[in-house]
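J.: sharing a sequence plus its predicted fold:
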Amino acid sequence: MGCGFTTSTLMTEGSAPAQAALESSPELYKALQFKDAKSLLWFPSTITLPNKGMVFVDGTDKNNWKWAAVKAIPLQEGDKKVNEAQTHKMDMKNVQHFQEGDFMDALETIGFFELV
């Protein structure tokens, strides 16, 4: 998890899980996926903690991207809810960017490690 990319033994080229991931991923995530020496496909992670924040890949292509971290802020009067239980939204106006090797720092920004 420390690198920000994820895989499993099911994520091999042509497998149903890999195909599903490819079909549902944004173009940047597809461009960043890679195959390791064991032929496992690795994809960038997106971490969402609804009341804390979100970490995701942000950029224009595989040569120009960073990790993005946004904190969750309480909904204000007039904000649209996705569902009745929603109490927060992601503060996209105050996104913070982190270099490729700084995924853990991005997680720290949204309070990920405070859950333990």
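T.: Arrived safely, thanks for sending. Residues are numbered from 1 along each chain as shown.
J.: which other residues reach stretch 65-83?
T.: Here stretch 65-83 makes contact (C-beta atoms under 8 Å, 6 or more residues apart in numbering) with 4, 28, 32, 49-59, 86-92, 94-100, 102-103, 106-107, 109-111. From N, CA and C alone the C-beta is placed, and that goes for glycine too.
J.: residues of it that come out buried?
T.: Residues of stretch 65-83 classed as buried under the neighbour-count rule (16 or more other C-beta atoms under 10 Å) are 65-72.
J.: please apply the same query to stretch 103-116.
T.: For stretch 103-116, the buried set under the neighbour-count rule, 16+ other C-beta under 10 Å, comprises 103-104, 106-107, 109-110, 112.
J.: which stretches of the chain form strands?
T.: Taking DSSP state E as the criterion, the chain carries its strands at 5-6, 34-35, 41-44, 47-49, 53-61, 64-74, 88-90, 96-98.
J.: mind putting the ones you listed in JSON lines, mean pLDDT and distance to residue 80 included?
T.: Written out in JSON lines, the entries for those read as follows (pLDDT from 0 to 100; distance: least, C-beta to C-beta, whole Å):
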{"stretch": "strand 5-6", "mean pLDDT": "96", "distance to residue 80": "30"}
{"stretch": "strand 34-35", "mean pLDDT": "96", "distance to residue 80": "37"}
{"stretch": "strand 41-44", "mean pLDDT": "96", "distance to residue 80": "28"}
{"stretch": "strand 47-49", "mean pLDDT": "95", "distance to residue 80": "18"}
{"stretch": "strand 53-61", "mean pLDDT": "97", "distance to residue 80": "17"}
{"stretch": "strand 64-74", "mean pLDDT": "97", "distance to residue 80": "14"}
{"stretch": "strand 88-90", "mean pLDDT": "94", "distance to residue 80": "9"}
{"stretch": "strand 96-98", "mean pLDDT": "98", "distance to residue 80": "24"}
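J.: I am finished for the moment; much appreciated.
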